[in-house]
Every structure is written in structure tokens, then in C-alpha cells.
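# Can you look at this prediction? I've put the sequence above it.
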Amino acid sequence: MKRTHNCGQLSSGDVGGRVRLCGWVRSYRDHGGIVFIDLRDREGITQIVFDPSDDAELHKLAGSLRNEWVISIAGTVRLRGEDRINPKLPTGKIEVVADGLTVLNKSQTVPFEPDATEKVSEDMRLRYRYVDLRRADMTGALRLRHSICRAMRSVLDERDFIEIETPFLTKSTPEGARDFLVPSRLQQACFYALPQSPQLFKQILMVSGLDKYYQIVRCFRDEDLRADRQPEFTQLDVEMSFVTEADVMEVTNEVLQKICRVAGKEFPAAPTVLTYAEAMDKYGSDRPDMRFELFLRDVSQIVKGCSFKVFSDCLAAGGMVKGVCVPGGAKFTRKEIDGYTAFVGDYGAKGLAWCKVEGDGFAGGAAKFLDEPVQTGLREAFGAGAGDIFFFLADAPATVNKALAALRCRLGEELQLFSPDDFAWCWVTEFPLVEWNEDQQRWDSLHHPFTSPRPDQLEMLQADPGAVRSRAYDIVLNGVELGGGSIRIHSTDLQKRIFGLLGISEDEAHARFGFLLDALQFGAPPHGGIALGLDRIVMMMVGATSLRDVIAFPKTQRGICPLTGAPAEVEDKQLAELDLKIIAPPQKA
RNA sequence: GGGGCCGUAGCUCAAUUGGCUAGAGUUCCGGACUGUCGAUCCGGUGGUUGCGGGUUCGAAUCCCGUCGGCCUCGCCA
């Protein structure tokens, strides 16, 4: 046995005991005579002492140790004197007096110290990920991730869910995100796709009568990356038979409750539930950040008929005017306001109207176009007072909401309207079933085409599809969507109607989803489920701002793994076996 | 595909805004030191300023291109 304890384990209770420890040299302090080694493993740090008067040979070897060498030591646990206690170390009351030392492996000089206080560039960290993962916060994130998975499994196991694996090599369904494709050798000119989610399989498992399924599963989407978006990510995928929205939400709440307990965070007994319509109205977003108010308000009715051409033209064209009132915002400089104007421009807004409340009247910006009744209406609507500022956006509702929601979040952050450890959960429900795609001139599913419409609104499917609400629900934390799901369609007829609405012909539907449509005909029970983003949950729980900090081996923004160099070219022989040819090889410098 | 920020020693950064041999901390190497704990003290190694081109008497600095990293819009049912 190479070790009897780990490096975070020993305490005053172990004094006098003989121990063996293994780990990495975190630092060495050579006083000419006495030598101290900080020995680190994933559990902690223990100080090892080498005294020349005990064993001159051993002391000499200890003097040759360098950072990140892997060693094994044997020795006796000793209490440190009162004045030698290190309060920064959990093991700081003891030390191990070594009588044996084996160098298990030397290390080259590491490109950066695993406990460096300076922030090392992420490029470096990812290239030398094995060194980076020695850092306590990275180890901590991965361990919490593990604990969260265990919490998920324990809740679902307790409730008689069955974990079932679904294929990674599956069929491309060009709806939605771009697929990662895998060429097939046995079926030339054919491709597998990596799953964007196990959606269809889990529904088929319900048809099979498996009743309650879950899986902690990798999903793949070949889209551009973001800090909170990786091309491969993990989700907790859940599906249940004979349930309603409330059943799925209740199970999810219990899972999240347990996760929060494990992570030392709060989860409310009953999270706020708001409808999509409410969320869009007050927050401009279907993933509202509820840590602060700063509500948006549709002021179209108040400003209609005012002399401001930007507003009147917009309303005449069927647009909307929406605003936000920032308490104390009159102190914003022109430069800051210009900054916000440019900011909303990124989201497609053509401008940002503003005016300040000074004393009894409005001043600056658009103030001169807003007459007395309009000013009064706005003040009352927002409860505004002197020293506040209004921002208004006039445009198509989608643009207004997107830009104003982004502005609201930016203001909330800049004005510190919440504290960093605030946790605000909410469910968003009653999403529209479909939305109009202006570019393609057709209806698109908001969620996915297997989402059930509300049964009491089926008759509107023909006449007014945009008004039909679905049985979908999303769980949101601090403005971040952590998961979503729905009650699915279990009737072939209804599923066909929805495909029809989405402009998917019968032939097309059959080619793509025929296996699901077939399955629905063989006794599909009513069913529904949800998927929770594991990476994002861990990210929120550790307070990270990037998924890369909670994934052991993530990709960079351009989809590269700096550690392995993936993706990489393959040999011609491999291509030949697949009957593939690179038509336009990249130009090499 | 678009916009923005960045790239200087192994690492983290500086360089008086175009001017003297590109510096500092840390790492590393050597030396001193028997109670440190981010040890300390002394000395030393370490640079094609991402790469290529241009402007200039002179470029880390300005211009063009390119590579790489990050953030973001589009995209992500």
C-alpha cells in the first residue's frame, strides 16, 4: 500500500501515528538545514518535514525535490507548536516528520503553477489542462458536478425511474440545430448524426411502456459557441408517462431542491410560475432575470398620438413602444446614454429614445415631443419621480423586447440591483406553440414539433395558429435557461396536423420521423418530460461565467480542443474506406 | 458571415503614446540560511515584441494582411 491517508485528512487525532502519503510537491522551503515540503493531492495539503539530524541521506534527497514532482513519503504525525500552526491549512495543526521518501516521478517545469494567484490565460490552461485541473477550484467544480449527478440519480432512482441509454449514432433530423455527421463505412454515402437530444428515443421508450425514464446524456449541436454554449454538452433527460405539466414540474423541483442542497444554495419551496406572456411583457424575455425589478412597460397606448414621429410612425406600422424607467438614472451622462444606444443597436434596435425627469417636467432627449398628458401618463405608469430616466424603444415587438431585455439586464448589472449570491428561480409556462418565421414565410415550432398544444385550443390551430399556446415549460435561474420540456403529442392524427401546420409534407414527415409516427399508432400513452442542462447548472452553482470552467476538457470558441488538437485531418486511407474525398483542401501557409 | 477586445521572457504584466542596450514580479538555474508555510537574502539564465509585409532616420507602438484567444450579433426547433 503506497498510502495510508490523503493529504487533507490528518489532524491532531492522528498524532504519533505512522503514515504514508502520496502526492505532488506544491512548494519546497529549504532552510539549508530543515526542509519543508507542501504535499498536495486532490483532498488537500500536508506539510512534510525533513530534518538533517534525523537522516542526512534522506534530507539530501528532499533538498533535490522540485515543484510538481510526484512523491511518496513515510513518517510520523507530529503536533506543530502553538506558534507554528498554519491557520490557512485545514491540516495546519500537524505535520509529518518524514523517515522515508520515494520519488515516483519527476516533472518538467510546469508552464504555470497550479496554485498561481495570477490569472493564467485560458489558452494556456486548456493546452495544459492536466496542470490546470490540479487547481483547487477546478477540482472543486468537477467534484461538485459529480455530486450533482449523484443528487439527480438519487431523486429519480427513489421515484422508480430507469436510466436507459440511447444511441449516439443515430439519424439526422435537419430540423433545428445543425447536426454533427458521422460517415458510415458499411453503408457508403450514408451518414449517422450525433443526437441533438434523445427526444424521439425517449418518447418511443414511453410507447414501450418503460413509464419513467432518465438519462444523463451527452448531446451535440454543430452551432457557433458562446461562453454558455459548447458543441457537446450534458443534460439530464427525463420522460414520464401518464403525467401533466404539474407532475413533471414537481419532479424537477425535487431534483433541483436536492441539487441546491448539495451545492449549498437556496431553492424555494414553490418557485414563481409566470406565463410566457407575462414574462415577455415585464421582462421582454422568456428567460426573465428575476433578481431585480426594473420592469418593462408597453406604453403604446400612452404615447399614441404624441408628436414624436419615431413613436407615431412605429405605431402606425403596427409596431410597439416599450420603455423602462431607471430610478436615479438622470445622472447618466450623454456618453453613457450613447453607449446604451449603441448597445441596443447590437440587437437590431434603430435607436433609443430617452428623457430625464427633472422636477415636475421631462428634460433632454425626446422630452420636447412629449406633451403634458403623455408625461403624466408615463410618470404614473412607471411611478417615476425626479432624478429618474426613461428609455424607450419603438419597433416591431420582437426587436423591442430583445433589445430592451438586454438593456434591462445590463442596467441591472451595472447598477448592482442584485447581489452576486442572489438566486431567483422561476418557471415559464404557456409558450406559444408556433411563431411566424418572416424569412421562410412559415410557422416554426417554438419548442419542437412534438410539443402538445393545449387541448382546449385545438380548434384555433387552423384559424389562428399564433394564438395557440403549448404545454411547454422552462425552468429559469437568474435569467439563464437551465432546462425545458413539455407534454408531448401522443396522437398520430394531432402529430400529423402539427406537421401540416409547420409545412412539413406527409412524405417529408414520413421520411424524417416515420418511426415516431408509426410508434404513436401502437399504443402511445400520454407522456411528457424535461431536459436540464447539467453544465449550466454546475456553472451557476459554482458561480462560473463560462461552461469551460465546469467541463474537464472543453472546446474553445472555434470548436478546437487545445489539448488534443481536435478536430484534425485524417489519413487518405481513412477517407478512402469511407469513399470520401476532400474537394477543397484548406490552403496551408 | 458581422462587430469589439487582446497577443511583449516559461507565466503574469510594464515600456513616459514613434526614440537610448525592451523592464518588473514570478518560475527556472546556482549560492547562503535549522521553523518556514505564496519562506527569505544574494547572483544568474531567459526576448525573431504571434507571423508576414509596409511607412519612417528610427516601430512593441502607426498602416495592410494573416494566425491564434476571448466576448458578442446572426445562429442555437
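Yep, it's here.
# helices and strands around the helix of greatest length in chain A, which ones?
As assigned by DSSP state H, the longest helix anywhere in chain A is helix A:136-158. If contacts are counted by 3 or more C-beta pairs under 8 Å, 6 or more residues apart in numbering; DSSP states H and E, helix A:136-158 sits against strand A:212-220, helix A:245-263, helix A:534-542. (Each C-beta comes from the backbone N, C-alpha and C, glycine too.)
# mind checking which of the ones you listed is nearest RNA strand B?
If you check each of those against RNA strand B by C-beta to the nearest atom of the strand, strand A:212-220 wins as the nearest, at 8.8 Å.
# now that closest one, how far from the centre of its chain.
Centre-to-centre, strand A:212-220 and its host chain are 16 Å apart (C-alpha atoms, centre = their mean, to the nearest Å).
# strand partners of that strand, parallel vs antiparallel please.
Strand A:212-220 has the following sheet partners, assigned by DSSP bridges: strand A:162-163 (parallel), strand A:232-241 (antiparallel).
# Tell me who's in contact with A:Gly319.
A:394-397, A:400 (C-beta atoms under 8 Å, 6 or more residues apart in numbering).
# Repeat the analysis, applying 6 Å as the threshold.
By C-beta atoms under 6 Å, 6 or more residues apart in numbering, the contact list for A:Gly319 reads A:395-396.
# ok, so what distance separates it from RNA strand B?
17 Å (C-beta to the nearest atom of the strand, to the nearest Å).
# Phi first, then psi, for that residue.
Dihedral pair for A:Gly319: phi -90, psi -170, per degrees, to the nearest 10.
# Neighbours of the closest residue to A:Tyr276 other than its chain neighbours, how many?
Nearest non-adjacent residue to A:Tyr276, counting by C-beta to C-beta, 6 or more residues apart in numbering: A:Phe431, 4.7 Å away. Neighbour count of A:Phe431, defined by other C-beta atoms under 10 Å: 24.
# quick one: A:Phe431 from A:Ile583, how far?
Distance of A:Phe431 to A:Ile583, given as C-beta to C-beta, to the nearest Å: 42 Å.
# Same question for A:Pro195.
28 Å.
# what about these two, which has more around it?
For the pair A:Pro195 and A:Ile583, the greater number of neighbours falls to A:Pro195 (25 against 5), based on other C-beta under 10 Å.
# Wait, a strand at that one?
No: assignment of A:Pro195 by DSSP: H, G, I helix; E, B strand; the rest coil gives coil, placing it outside any strand.
# Just to check, it is in contact with A:Thr170?
Yes: with contact defined as C-beta atoms under 6 Å, A:Pro195 counts as touching A:Thr170 (5.2 Å).
# I would like the residues contacting stretch A:420-432, please.
A:265-266, A:268, A:271-273, A:275-276, A:279, A:286, A:290-291, A:446, A:469-470, A:472-478.
# And for stretch A:71-89?
Under C-beta under 6 Å, 6+ apart, the answer for stretch A:71-89 is A:2, A:10, A:14-15, A:17-22, A:45, A:48, A:92-104.
# Which members of those residues are classed as buried?
A:10, A:14, A:19-22, A:45, A:48, A:92-96, A:98, A:101 (16 or more other C-beta atoms under 10 Å).
# Closest one of those residues to A:Lys60?
When the buried ones among the contacts of stretch A:71-89 are compared for distance to A:Lys60 (C-beta to C-beta), A:Leu101 wins out at 10.2 Å.
# Distance check, the closest one against RNA strand B.
16 Å.
# Phi first, then psi, for that residue.
Residue torsions, per degrees, to the nearest 10, at A:Leu101 are phi -150, psi 130.
# wait, does the longest helix of chain A contact RNA strand B?
No: interface with RNA strand B: helix A:136-158 contributes nothing (C-beta under 7 Å from any atom of the strand), its closest point being 12.8 Å away.
# For that helix, buried residues please.
A:138, A:141-142, A:144-145, A:148-149, A:151-153, A:155-156.
# likewise stretch A:198-209?
A:198-208.
# what's in contact with it?
A:166, A:213, A:217, A:237, A:239, A:241, A:488, A:516, A:519, A:524-525, A:527.
# centre of the chain versus that stretch, how much separation?
Taking mean C-alpha positions (C-alpha atoms, centre = their mean), stretch A:198-209 and its chain are 25 Å apart.
# repeat for stretch A:244-252
Relative to its chain's centre, stretch A:244-252 lies at 21 Å (C-alpha atoms, centre = their mean).
# In stretch A:287-297, which residues are buried?
Neighbour count says stretch A:287-297 has A:287-292, A:294, A:296-297 buried, by 16+ other C-beta under 10 Å.
# First-to-last residue distance for it?
In stretch A:287-297, first residue to last residue: 17 Å (C-alpha to C-alpha, to the nearest Å).
# Strands of the stretch 451-589 of chain A, start to end?
For the stretch 451-589 of chain A, the strands defined by DSSP state E, counting those that start in this stretch cover A:472-477, A:480-487, A:527-533.
# Tell me the confidence at A:Ala342?
What the model reports as pLDDT for A:Ala342 is 89.
# on that earlier part again, and the helices and strands packed on helix A:136-158, which is most packed in?
Greatest average neighbour count among those goes to helix A:534-542 (a mean of 23), per mean count of other C-beta atoms under 10 Å.
# CA atoms only for it, dumped as CSV, please.
Output of helix A:534-542 as CSV, limited to C-alpha atoms (Å, rounded to 0.1, in the frame of the first residue of the first chain):
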residue,chain,number,x,y,z
LEU,A,534,-26.1,19.8,-16.4
ASP,A,535,-23.2,22.0,-17.5
ARG,A,536,-25.2,25.2,-17.0
ILE,A,537,-26.5,24.0,-13.6
VAL,A,538,-22.9,23.4,-12.4
MET,A,539,-21.8,26.7,-13.8
MET,A,540,-24.5,28.6,-11.8
MET,A,541,-23.8,26.6,-8.7
VAL,A,542,-20.1,27.4,-8.7
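# Now do it: which elements does it pack against?
Where contact means 3 or more C-beta pairs under 6 Å, 6 or more residues apart in numbering; DSSP states H and E, helix A:534-542 is packed against helix A:136-158, strand A:232-241.
# now with 8 Å?
Against helix A:534-542 (3+ C-beta pairs under 8 Å, 6+ apart) you get helix A:136-158, strand A:232-241, helix A:245-263, strand A:480-487.
# From the buried residues of stretch A:287-297, pick the one nearest A:Phe233.
A:Arg287 (16.9 Å).
# can you pull the contacts of that closest one?
A:279, A:428, A:474, A:476, A:479-481.
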